[in-house]
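S.K.: Quick one: sequence plus predicted model below, questions after.
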Amino acid sequence: MAVHTKPLKCKIGPSILNADLSQLYVESQRLLDNGADYLHLDVMDGHFVPNLSIGHPVVKCLRNKIRTAFFETHMMVSEPGKWVEPMAEAGVNQYTFHIEPVKDVIPLCRKVREAGMQVGLALKPGTGIEAVRQYIDHADMILIMTVEPGFGGQKFMGEMMPKVQWLRHNYPGLDIEVDGGVGLNTITACAEAGANMIVSGTAIINANDQKAVIASLRETVESSIHKCNV
Ligand SMILES: O=C(CO)[C@@H](O)[C@H](O)COP(=O)(O)O
Ligand SMILES: [Fe+2]
């Protein structure tokens, strides 16, 4: 059971999906050097989503090069139960899986914890918040997707913000992540709704000044957290 009582912290986790994957280590290290708090590694199986990306062998190679950074894998796969041990062995810190294809979510949360990883539960845009309510106490973080999962560079869906607001209102200490189309033009909506973990792909990867974009995303989120605390 997770107790969501820690003080909220803003964390920026760039998605490497649209980076030059032939340079995965260099690109990842650059993001960390430019201020990223963690790396959001998108794993796709071509079945749950219509795209393929990386799997645990690649994550393991990256971990061999980057020893200490926090790795989150966003598991866009039909059988998330299948990859828990390989991802734990590859050095993943947080295993975020979609609840939509999973019949028994609570045992899978336990399995992830027993493998030594934190639990993230992800919701596609069409999945209502009521689908995750019963599992929140078994998770460390809830991910509200702000695009249909599968591809980077899509348009942010502002209509997902009521889900974030509901979570923040009911769980003031919960880590809430947003992912999809998040950048300088959309961060205010995310921050004001209550998201504190920010995944941003193309907005950071394509920036001329990654450090400035990461700092600006952080400033917006931290100022919202501060307003809630005063
Ligand atoms: O999970 C996904 C897409 O399915 C994301 O992590 C995106 O890769 C983020 O990229 P941008 O939308 O920020 O470009
Ligand atoms: Fe993602």
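M.R.: Now that the structure is in, tell me what you want to look at. Numbering: from 1, shown residues only. Ligands and ions are numbered 1, 2, ... in the order given.
S.K.: which residues of the chain fall in strands?
M.R.: In the chain, the strands defined using DSSP state E lie at 11-14, 38-44, 70-76, 94-98, 118-123, 141-145, 175-179, 197-200.
S.K.: and these as CSV, adding mean neighbour count and distance to C190?
M.R.: For glycine as for every other residue, the C-beta is placed from the backbone atoms N, C-alpha and C. Shown next, in CSV, are the strands of the chain (neighbours: other CB atoms under 10 Å; distance: least, CB to CB, whole Å):
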stretch, mean neighbour count, distance to C190
strand 11-14, 25, 11
strand 38-44, 24, 14
strand 70-76, 24, 16
strand 94-98, 27, 17
strand 118-123, 22, 15
strand 141-145, 26, 9
strand 175-179, 26, 5
strand 197-200, 28, 7
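S.K.: Let me have those in a markdown table, extended by distance to C228.
M.R.: Below are the strands of the chain laid out as a markdown table (distance: least, CB to CB, whole Å):
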| stretch | distance to C228 |
| --- | --- |
| strand 11-14 | 16 |
| strand 38-44 | 22 |
| strand 70-76 | 24 |
| strand 94-98 | 24 |
| strand 118-123 | 22 |
| strand 141-145 | 17 |
| strand 175-179 | 12 |
| strand 197-200 | 15 |
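S.K.: longest helix anywhere in this structure?
M.R.: helix 210-229 (DSSP state H).
S.K.: Just want the residue of the chain that's nearest ligand 2.
M.R.: Distances between the chain and ligand 2 by CB to the ion are smallest at H74, namely 3.7 Å.
S.K.: ok, that residue touching G150?
M.R.: No. Counting by CB atoms under 8 Å, H74 stays clear of G150, with 11.3 Å between them.
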